[in-house]
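> could you look at this predicted model? Sequence included:
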Amino acid sequence: AQKITQTQPGMFVQEKEAVTLDCTYDTSDQSYGLFWYKQPSSGEMIFLIYQGSYDEQNATEGRYSLNFQKARKSANLVISASQLGDSAMYFCAINNAGNNRKLIWGLGTSLAVNP
Amino acid sequence: GAVVSQHPSRVICKSGTSVKIECRSLDFQATTMFWYRQFPKKSLMLMATSNEGSKATYEQGVEKDKFLINHASLTLSTLTVTSAHPEDSSFYICSASPGNTEAFFGQGTRLTVV
């Protein structure tokens, strides 16, 4: 069975600084995908970044980058130059990169960006 | 990215009544959609997988007679909370994928049963 662990219930960061949100995973699949989503207080789930298990390069999307360490089974999200609008819940998720698009979710990390 | 629209965003209903929530994929066809429930400050809990043209697949512990799912077309899935009670009050959110990568989510529906 797949599992996601996010050990940081809450994080604080100063505006304009970088922050790393931790995510470790457990899976017996060889092929899988890792996702990060942002959920502001409004409730919507916003896709941020995706990393495939066979991708050799770490994924990057603007200010978001994923520090993928396959041997350690970690997929930490790095947000550079934090903005006040980055304050939200952040969820890490995993799926089987085959036909199963069902996502397994972590418990989330609440990020607060201080001015 | 792809667009998934969910309606209504908020609904308040009386105990004992039924509520229907719609999830539409606006710019792609979705043979599969997912319905989640989220309690305050908690993670998403998958309730069921909605399959176009066939019965939904429910997760363990989810009452299929309570949460009726209909996926009648490639762009629309509905979740009906039947005979709603206050304990059904929650945030419900759907997702769909145009391919085999990221899932796109609806805006979510905050249901309050009074």
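Now that the structure is in, tell me what you want to look at.
> and the pLDDT for the most centrally placed residue in chain A?
For chain A, the residue sitting closest to the mean C-alpha position, by C-alpha atoms, centre = their mean, is A:Trp36 at 3.4 Å. We have a pLDDT of 97 for A:Trp36.
> wasn't it part of a strand?
Yes - the assignment for A:Trp36 (DSSP: H, G, I helix; E, B strand; the rest coil) places it in a strand.
> tell me where chain A is predicted with low confidence.
Counting by pLDDT under 70, the ranges of chain A that qualify are A:97-101.
> enumerate the residues of it near chain B.
Residues of chain A lying close to chain B (C-beta under 8 Å from any C-beta of the partner chain) are A:33, A:35, A:37, A:42-47, A:50, A:91, A:97-99, A:101-103, A:105-108, A:110. Any C-beta I mention is one placed from the backbone N, CA and C, and that applies to glycine too.
> counting neighbours, which of these end up buried?
A:33, A:35, A:37, A:43-45, A:47, A:50, A:91, A:97, A:101-103, A:105-108 (16 or more other C-beta atoms under 10 Å in any protein chain shown).
> quick revisit: tell me which of the residues of chain A next to chain B fall in strands.
A:Gly33, A:Phe35, A:Tyr37, A:Ile46, A:Phe47, A:Tyr50, A:Phe91, A:Trp105, A:Ser110 (DSSP state E).
> now the second one: how far from B:Gln107?
When distances are taken as C-beta to C-beta, to the nearest Å, A:Phe35 and B:Gln107 turn out to be 19 Å apart.
> again, but for the fifth one
For A:Phe47, the distance to B:Gln107 equals 14 Å [C-beta to C-beta].
> same question, the fourth one
Distance of A:Ile46 to B:Gln107, given as C-beta to C-beta: 11 Å.
> find the nearest non-adjacent residue to the residue nearest to the spatial centre of chain B, please.
In chain B, the C-alpha closest to the average C-alpha coordinate belongs to B:Trp35, at a distance of 3.8 Å (C-alpha atoms, centre = their mean). Distances taken as C-beta to C-beta, 6 or more residues apart in numbering or on different chains put B:Met47 closest to B:Trp35, at 4.7 Å, once the chain neighbours are dropped.
> same question, B:Thr17
Using C-beta to C-beta, 6+ apart, the closest residue to B:Thr17 is B:Ala84 (6.1 Å).
> and that neighbour, what element?
B:Ala84 belongs to no helix or strand when elements are defined using DSSP states H and E.
> what's near enough to touch B:Phe105?
B:Phe105 makes contact with A:Tyr37, A:Glu44, A:Met45, A:Ile46, A:Phe47, B:Val4, B:Gln6, B:Ile93, B:Cys94, B:Ser95, according to C-beta atoms under 8 Å, 6 or more residues apart in numbering or on different chains.
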